[in-house]
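Colleague: my questions concern the predicted model and sequence given below.
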Amino acid sequence: MARRMTTILGTFAALSMVVAAMWAWNDARRLAEGSARPDVTLWAVRSAAVALVAAAQAMILTWVVSLIYRRDLVGDVLRLFAALIAAIALISAVALGLAGR
């Protein structure tokens, strides 16, 4: 029961992250209007959206796909690359956000 509840909560969290990332990507121009350098802030918001989607993908691979399929090397590599992309995009978002102030 606990594994099923974790899977359901992880799925809802990942789907919420994807919806939030899509909203951030679409409204990035409006969110960046008030900054000193809106072009840099625009890319900071979009990098944060990419980081959010990559983290959601890693969560989906962890909780949903591993429930259906056995854990194997391909799944582990996909999770590793999704986490790596999320980390790189998050670092880029922070750097661009500081530069856009």
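Modeller: Cool, got the structure.

Colleague: least trustworthy helix or strand in this structure by mean pLDDT?
Modeller: For the chain, scoring each helix and strand by mean pLDDT, DSSP states H and E identifies helix 66-68 as the least confident one, at a mean of 78.

Colleague: hmm, who's touching that one?
Modeller: For helix 66-68, the surrounding residues in contact (Cβ atoms under 8 Å, 6 or more residues apart in numbering) are 3, 7, 75. Bear in mind the C-beta positions are built from the backbone N, C-alpha and C, glycine included.

Colleague: how does it look with 10 Å?
Modeller: 3-4, 6-7, 10-11, 60, 72, 75-76, 79 (Cβ atoms under 10 Å, 6 or more residues apart in numbering).

Colleague: is residue 58 in contact with residue 81, as I believe?
Modeller: Yes. Here residue 58 lies in contact with residue 81, judged by Cβ atoms under 10 Å, at a distance of 8.8 Å.

Colleague: quick check: which ranges of the protein have low pLDDT?
Modeller: Judged against pLDDT under 70, the chain has no low-scoring part.

Colleague: test my guess that residue 38 contacts residue 101.
Modeller: No. With contact defined as Cβ under 10 Å, residue 38 does not reach residue 101; the gap is 11.5 Å.

Colleague: ok, the two, which is more surrounded?
Modeller: Under the criterion of other Cβ atoms under 10 Å, the comparison of residue 38 against residue 101 puts residue 38 first, with 15 against 10.

Colleague: now the more buried one, nearest residue through space, not along the chain?
Modeller: Once flanking residues are discounted, residue 38 sits nearest to residue 32: 4.3 Å by Cβ to Cβ, 6 or more residues apart in numbering.
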